Every structure is written in C-alpha cells, then in structure tokens.
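Peer 1: return a 3D structure for these sequence lines:
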Amino acid sequence: MSIALNAEKLNKHFKQPEDFHVLQDISFSVKKGEFVPIIGKSGSGKSTLLYLLSTLDTDYTGKITINDTLVTGKSQNDLARFRNQNIGFVFQFHFLLPEFTALENVMLPALRLGKHTRDEIETNAIAKLKQLQMDGFAQKLSGKLSGGQQQRVAIARALINDPAIIMADEPTGNLDSINTGLVFDIFKDLSHNKGITILTVTHDLDFAKGADRVIEMVDGRIV
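Peer 2: All right, here's what the predicted structure looks like:
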C-alpha cells in the first residue's frame, strides 16, 4: 500500500513567553486508506502536529510529504491551492455559515476551487450529503441543524473536492455517544471503502481503539 503522508524529523518551538520545544523529532508515515487517530493528554503536542501536517503552520524544521508532494518550503499561495485540492478538514467546531443552507456550505470549497460548473458542484454536493444521510436536510439553514447533523454536513464539505486525506481535530468533542459512533462509522467507511486516508486528533479512547492503529503522543514525542 502506498504512502499518503510522511513526516520526517519534525521539530517545532514556541518562542513566547520563553522557548518551548513542543514537537521533538517526530517521524512517521500513514498509508493510503488508513484510519489513524492521534491521542495524548492536553499539551502533548497532538493538535500542534496536526496543524503542521495540514500545512496551516509552516514554522518548523523537518519535512512533510503528502501524496508524493513535498509541501515543506512551498509558498502560502501554493499551499492554499494544495490544501483545497488534497486535504479535507473537519474541526471540533464545525465552522458552518449559519445563514447558509447545508447544501451551500458543502458547495463552498468547490466553488472556491473553480474546477467545475455550479450545477456540477451542486450535484456532487447533494451526492456527498446523501452519502452521510443528510440529503433530506440540504435546503435547511445549517444554524437550524443539531450538533450531530452539523458535523455530518462539515464532513460532507470536507469531501466535496475528493481529497486524498481528511484531517480532523477533535471531530467528536462536542457530540454525544450516538453521534460519536456515527462519525466513527463514517470515517471507517471512507477509509476502508473509499480509500480516503483519515488522520484525526482525539481525546476519546473508545473512538480511537476501533481504528486501524493509534499514534500516541507524550510531551511532544511519539511513544
């Protein structure tokens, strides 16, 4: 199985209020279609690592390769384009626009990418919502949806540009156990049946233990 993501000797320092070595010599790889949670206590560095891997933070030493592309050293414009085409994001706070419908929220990243016509994007967005059993809510304002429904819309939005990898930061942090189980099943299906790589930071050990393997962090290192 080929490699979706490779991290090589990643080091990250926070300079304020004094120098703090937050990530120390992090090296690992994730295969295509693998579902891998990153776990660890608060302050272990897991969310900081995810921001580096997602190319949102470029202040580090080491190398990150995603989909056979070395992303380290690319310009901010190149990284923005790369992210939109290759990475889907799911956050603890879904960041949906409440005055937009579920359908409009899902369409936004594809409209920004501009690869397809609006009609094609709408058809694809409805298909993604259907995949998550949310097509019946397509025309509902996202601000009127429940927390679990909003998170499923956020996952559909992450899928709209057919990314090779989904990165999720505490995606079940605000969900009850039923919706947490739903998100887990969705991620497992996406990785095992659709070949999408899932890398997710989580505090939820029950959520993590059903995945393909778990990466544990302690004090800025992988253990």
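Peer 1: give the contact list for residue 173.
Peer 2: Contact analysis of residue 173 by Cβ atoms under 8 Å, 6 or more residues apart in numbering lists 92, 202-203. Every C-beta, even on glycine, is put in place using the N, C-alpha and C of the backbone.
Peer 1: cutoff 10 Å now
Peer 2: If you count contacts by Cβ atoms under 10 Å, 6 or more residues apart in numbering, residue 173 has them with 91-93, 151, 180, 201-204.
Peer 1: bridging residues for residue 169?
Peer 2: residue 91, residue 201 (DSSP bridges).
Peer 1: what's the ChimeraX line that selects buried ones from the contacts of residue 173?
Peer 2: A single ChimeraX command selects the buried members of the contacts of residue 173 (16 or more other Cβ atoms under 10 Å):
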select :92,151,180,201,202,204
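Peer 1: closest to residue 70 out of the contacts of residue 173?
Peer 2: Within the contacts of residue 173, distances to residue 70 taken as Cβ to Cβ reach their minimum at residue 201, with 23.2 Å.
Peer 1: any idea how far the closest one is from residue 52?
Peer 2: 12 Å (Cβ to Cβ, to the nearest Å).
Peer 1: same check on residue 205?
Peer 2: Taking Cβ to Cβ, one finds residue 205 at 24 Å from residue 52.
Peer 1: so the two - more neighbours on which side?
Peer 2: residue 52 (24 against 10; other Cβ atoms under 10 Å).
Peer 1: and the longest helix seen in the chain, what does it pack against?
Peer 2: The longest helix of the chain (DSSP state H) is helix 177-194. Applying 3 or more Cβ pairs under 10 Å, 6 or more residues apart in numbering; DSSP states H and E, one finds that helix 177-194 contacts strand 35-39, strand 87-91, helix 118-131, helix 147-159, strand 165-169, strand 197-201, helix 205-209.
Peer 1: could you list the buried residues of it?
Peer 2: Here helix 177-194 shows 179-180, 182-184, 186-187, 190-191 as buried, counting by 16+ other Cβ under 10 Å.
Peer 1: same check, this time on stretch 28-42
Peer 2: Neighbour counts over stretch 28-42 (16+ other Cβ under 10 Å) mark 30, 32-40 as buried.
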